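[1] Quick one: sequence plus predicted model below, questions after.
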Amino acid sequence: KQEVTQIPAALSVPEGENLVLNCSFTDSAIYNLQWFRQDPGKGLTSLLLIQSSQREQTSGRLNASLDKSSGRSTLYIAASQPGDSATYLCAVGYSSASKIIFGSGTRLSIRP
Amino acid sequence: NAGVMQNPRHLVRRRGQEARLRCSPMKGHSHVYWYRQLPEEGLKFMVYLQKENIIDESGMPKERFSAEFPKEGPSILRIQQVVRGDSAAYFCASSPQTRDEQFFGPGTRLTVL
């Protein structure tokens, strides 16, 4: 069964800290992995997309890595700010299907 | 190039009524996907369509739910005889080809009274 797990479910850190969000997935036959941000009651904002042939992607203070062999991805946020507070979703595109499987998300709170 | 458009953004229905949710994919995209997000839960795949064809409906409830993507016009997700448990955010995504990056719309928030 294809599953995507995100740990922890919630995380609270003081402003300025660097932090790592984790995503693990079963079945390494994937075609891409994407990280999204979702604010309460809002839609999805795409943050980073990693193709299966890539190891990492960077955008500003964000860096996402992909290790297919171990079934893991991490989202690194540098110098966190209160505006980073949101739920972060990991989504995996499996090669055997065309749908995306989402993790349940990590709810991040950055304390001023 | 406009993004994925969904309307209405908010929809209120009473139990037993029908709900119709519309999704216009990005220009040049012929693949559409519907996902549902129940309150305090993650997004779950419902159905994948190409023009005039349902490719994968493994996530659709067997009763009351249907989806179409006609040759002309938007994709429609139809929920008949809505119940309170249908209250959720429904997101549509589109891609140019299968297994390409999916681009998401802003969602339709359905509230069933």
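    Perfect, thanks for sending it.
[2] Near residue B:39, how many other residues are there?
    Residue B:39: 7 surrounding residues under other Cβ atoms under 10 Å in any protein chain shown. For the C-beta atoms, the positions are set from N, CA and C on the backbone; glycine is no exception.
[3] Quick one: the strands in chain B, in order.
    Applying DSSP state E to chain B gives strands spanning B:5-7, B:10-13, B:19-24, B:31-37, B:43-50, B:53-56, B:65-68, B:75-79, B:88-95, B:103-104, B:108-112.
[4] how about those strands, which one is nearest residue A:69?
    When those are compared by Cβ to Cβ, strand B:43-50 sits nearest residue A:69, at 25.3 Å.
[5] anything in the closest one near chain A?
    Yes: with Cβ under 8 Å from any Cβ of the partner chain as the measure, strand B:43-50 is seen reaching chain A through B:43, B:44, B:45, B:48.
[6] which of those are buried?
    Buried members of these, scored by 16 or more other Cβ atoms under 10 Å in any protein chain shown, are B:43, B:45, B:48.
[7] that older thread, rebuild the strands of chain B as CSV, extending it with mean pLDDT.
    Below are those laid out as CSV (pLDDT from 0 to 100):
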stretch, mean pLDDT
strand B:5-7, 97
strand B:10-13, 98
strand B:19-24, 98
strand B:31-37, 96
strand B:43-50, 95
strand B:53-56, 94
strand B:65-68, 98
strand B:75-79, 98
strand B:88-95, 96
strand B:103-104, 93
strand B:108-112, 98
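[8] Distance to residue A:49 for those strands - can I get that in JSON lines?
    What follows is the strands of chain B, written out as JSON lines (distance: least, Cβ to Cβ, whole Å):
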{"stretch": "strand B:5-7", "distance to residue A:49": "21"}
{"stretch": "strand B:10-13", "distance to residue A:49": "29"}
{"stretch": "strand B:19-24", "distance to residue A:49": "21"}
{"stretch": "strand B:31-37", "distance to residue A:49": "16"}
{"stretch": "strand B:43-50", "distance to residue A:49": "16"}
{"stretch": "strand B:53-56", "distance to residue A:49": "21"}
{"stretch": "strand B:65-68", "distance to residue A:49": "25"}
{"stretch": "strand B:75-79", "distance to residue A:49": "23"}
{"stretch": "strand B:88-95", "distance to residue A:49": "12"}
{"stretch": "strand B:103-104", "distance to residue A:49": "10"}
{"stretch": "strand B:108-112", "distance to residue A:49": "24"}
